[in-house]
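J.: whatever this is, show me its structure:
(one chain, ligands or ions: 1)
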Amino acid sequence: MSELIQAYINGQWENGTGGTAEYRSAYDGSRLGTFSVCQAGDVERAISAARSAQVGWAATPLLDKVDLMYAAYELCKAANEEIAQSISAEMGKTIRESREEMLQYGWGHFRRAAEDMLRFRGMTMPNSETRSNSKRMFVQQYPLGVVGVISPFNFPVDIPAIAITYALIAGNTVVWKPSEYCPGSTRRYAQVFQDAGFPAGVFNYVPGYGDAGEALVESPDVRGLFFTGSTRVGRKIAAAAGAGLKRTLLELGGNGPIIVHHDADLDRAVEATITGCFYMAGQVCTAAERVLVHEDIHDLFVAKLVERTKQLKTGDPLDEATDMGPLCNDNVLKQVVSHVDDARSKGADVIQAGELTGRLFPPTILVNVTEDMLIAREETFGPVAPIIKYGDIDEALQIANSTEFGLNAAAFTNNLRDAWRFIDGLEHGTVLINETTNYWDQLAPFGGAKSSGLGRELSSWALGAFTETKTIVIDIS
Ligand code: NAD
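T.: As a prediction, the model looks like this:
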């Protein structure tokens, strides 16, 4: 039997007070292990440890903090494969996708955060007391204090890793509430902080459910909150955090369109749609949740997309040959099924599907999708390509912007003027031309417009989110 997964509080592994819970394989439901469940009291102990450690951590010389980050980077390298195997078993993305999560994204945050901090600059400015010229003014960034991190199942390590590394290097201490679906991979990542030698209380890990997250949101001692998850939970958190005037960085749901214009390179647009709709079985915030296709090339594009979709191999996420694994849990499965049923009942046609086996939802293509269908309005989070026909750019923009979401949007065209009409007209945090919606770059700011989020992460933007700006005025007269 595998060991019980515990919480990491103030430099010690210990049990939460909420008993234990089993966690299971997303693919076949087999038992993977047991974790100890943290409740509000455990989270408060972790916050208190983080608070006690924060002043000393903030005062630790930057180069010492950077050394710890580099040590963690090396230790994480040795753990990457183990973490990737765990992610695939727990939440069902393929092993190739899990390796990508660790090798291309999650692992590197230790280094990027350290290097961004080494180049993080304050600012000096002139003053308006020009006659005496006696004021010297500048701004400097200070840590917020204790930062709470609450993370989702779909990138169980990479997403929290951004917030944890950037918050820590900026002098904050951290309490992390991981996804309840992924205790194995997140526990192994938490181990890296202990092995690297981060002082007790600087980094804390509290596995548990939504109530443990709520305790972080409600604590007056948590000054900054990083939440990634659904817009439904994000709204609740925004309300509670707003009432406490906490600094928040919220990364929420999406319903991003891919637009295929009449002059697009169709083969390229098909590949981008395959990645946009079926990567990680569609369980990505930046997934192409709607495919808007110009009427002149609609039938040809759809025929090519169907052919390419038929080649996808679904199955065991730990099999190296699998292209698409199962959905993570029954809530997601229920939602995907209900969105497809709703679309069919309102006139959409399923032109490519397959057998639903357990949580293995087949890659599915719908045509004749209209804006009134749930699949076009809400986030589906499953392997479905809902195709909507449009006539001109104005109509494409109207449809693309018609939902509450605004995370990533992509347009395929070879005309520069039309590309700029899409760039200017799409109300999204990232607009991609001739690239899939599922592209985001570790060196560029990332985040949502409208109900898809608040603030930007990745790159040095994340340092802005986890620091307070202090204006300093010195009178030298
Ligand atoms: P979720 O909202 O169900 O849960 C996210 C986390 O919040 C979990 O750790 C959960 O335990 C916790 N939680 C639940 N209720 C809470 C409460 N009342 N207070 C505090 N914490 C609470 O999301 P999920 O199903 O794990 O992840 C999928 C969602 O995440 C999708 O909507 C997806 O679009 C979104 N997401 C967004 C981004 C982005 O960058 N914008 C990235 C990844 C995922």
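J.: list the contacts for residue 94?
T.: Residue 94 makes contact with 88, 317, 322-325, according to CB atoms under 8 Å, 6 or more residues apart in numbering. To be clear about C-beta, it is placed using only N, CA and C from the backbone, and glycine gets the same treatment.
J.: pull the most distant pair out of these.
T.: By the measure CB to CB, 88 and 323 form the most distant pair in the contacts of residue 94, at 13.2 Å.
J.: before we move on, back to that, among the contacts of residue 94, which lie within helices?
T.: residue 88 (DSSP state H).
J.: how about the residues of the stretch 201-350 of the chain near the ligand?
T.: Taking CB under 6 Å from any ligand atom as the criterion, the stretch 201-350 of the chain approaches the ligand at residues 209-210, 213-214, 217, 228-230, 233, 236-237, 251-254, 285.
J.: now, of these, which are buried?
T.: Among those, those buried by neighbour count (16 or more other CB atoms under 10 Å) are 213-214, 217, 228-230, 233, 237, 251-254, 285.
J.: which of those residues sits closest to residue 437?
T.: Scanning these for proximity to residue 437, where the rule is CB to CB, the winner is residue 254, at 8.1 Å.
J.: right, is stretch 88-97 up against the ligand?
T.: No - Stretch 88-97 lies out of reach of the ligand by CB under 6 Å from any ligand atom, never closer than 9.2 Å.
J.: tell me the centre residue of the protein?
T.: residue 159 (4.8 Å; CA atoms, centre = their mean).
J.: which pLDDT does the model give it?
T.: At residue 159, the pLDDT value in this model is 98.
J.: and it, what is it in contact with?
T.: Residues near residue 159 by CB under 8 Å, 6+ apart: 151-152, 228, 251.
J.: then residue 74?
T.: Residues near residue 74 by CB under 8 Å, 6+ apart: none.
J.: are we agreed that it is in a helix?
T.: Yes - counting by DSSP: H, G, I helix; E, B strand; the rest coil, residue 74 is part of a helix.
J.: so what touches stretch 387-404?
T.: By CB under 8 Å, 6+ apart, the residues outside stretch 387-404 that reach it are 231, 255, 257, 259, 261, 290-295, 298, 302, 305, 365-371, 376-378, 409, 411, 418, 421-422, 425-427, 450-451.
J.: out of those residues, which end up buried?
T.: Neighbour counting by 16+ other CB under 10 Å classes 231, 255, 257, 259, 261, 290-294, 298, 302, 305, 365-367, 369, 376-378, 409, 411, 418, 421-422, 425-427, 450-451 among those as buried.
J.: in this protein, what residue is nearest the ligand?
T.: Scanning the chain for the residue nearest the ligand gives residue 213, at 2.3 Å (criterion: CB to the nearest ligand atom).
J.: look up which helix or strand that residue falls in, please.
T.: helix 210-218 (DSSP states H and E).
J.: next: residue 237.
T.: helix 231-243.
J.: after that helix comes which helix or strand?
T.: Downstream of helix 231-243, the next assigned helix or strand under DSSP H and E is strand 247-251.
J.: CA atoms only: put that following strand into PDB for me.
T.: The C-alpha coordinates for strand 247-251 follow below in PDB (Å, rounded to 0.1, in the frame of the first residue of the first chain):
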ATOM      1  CA  ARG A 247      -4.800  41.400  -3.800                       C
ATOM      2  CA  THR A 248      -6.100  38.700  -6.200                       C
ATOM      3  CA  LEU A 249      -4.900  37.100  -9.400                       C
ATOM      4  CA  LEU A 250      -7.800  35.100 -10.900                       C
ATOM      5  CA  GLU A 251      -7.400  32.800 -13.900                       C
END
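J.: got the contact list for the next helix or strand after that strand?
T.: Scanning forward in sequence from strand 247-251 by DSSP H and E, the next helix or strand is strand 257-260. Defining contact as CB under 8 Å, 6+ apart, one finds that strand 257-260 is touched by 266, 269, 272-273, 276, 288-294, 297, 301, 390, 396, 399-400, 409-412, 422, 436-437.
J.: just the CA trace of the helix or strand that comes right after strand 257-260, in PDB.
T.: Helices and strands here follow DSSP H and E; after strand 257-260, the next one along the chain is helix 266-278. In PDB, the C-alpha atoms belonging to helix 266-278 read as follows (Å, rounded to 0.1, in the frame of the first residue of the first chain):
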ATOM      1  CA  LEU A 266      -6.800  24.900 -44.300                       C
ATOM      2  CA  ASP A 267      -4.400  22.100 -43.400                       C
ATOM      3  CA  ARG A 268      -2.800  24.400 -40.800                       C
ATOM      4  CA  ALA A 269      -6.100  25.400 -39.500                       C
ATOM      5  CA  VAL A 270      -7.200  21.800 -39.200                       C
ATOM      6  CA  GLU A 271      -4.100  20.900 -37.100                       C
ATOM      7  CA  ALA A 272      -4.700  23.900 -34.900                       C
ATOM      8  CA  THR A 273      -8.300  22.900 -34.400                       C
ATOM      9  CA  ILE A 274      -7.200  19.300 -33.500                       C
ATOM     10  CA  THR A 275      -4.900  20.700 -30.900                       C
ATOM     11  CA  GLY A 276      -7.400  23.400 -29.800                       C
ATOM     12  CA  CYS A 277     -10.300  21.000 -29.300                       C
ATOM     13  CA  PHE A 278      -8.700  17.600 -28.400                       C
END
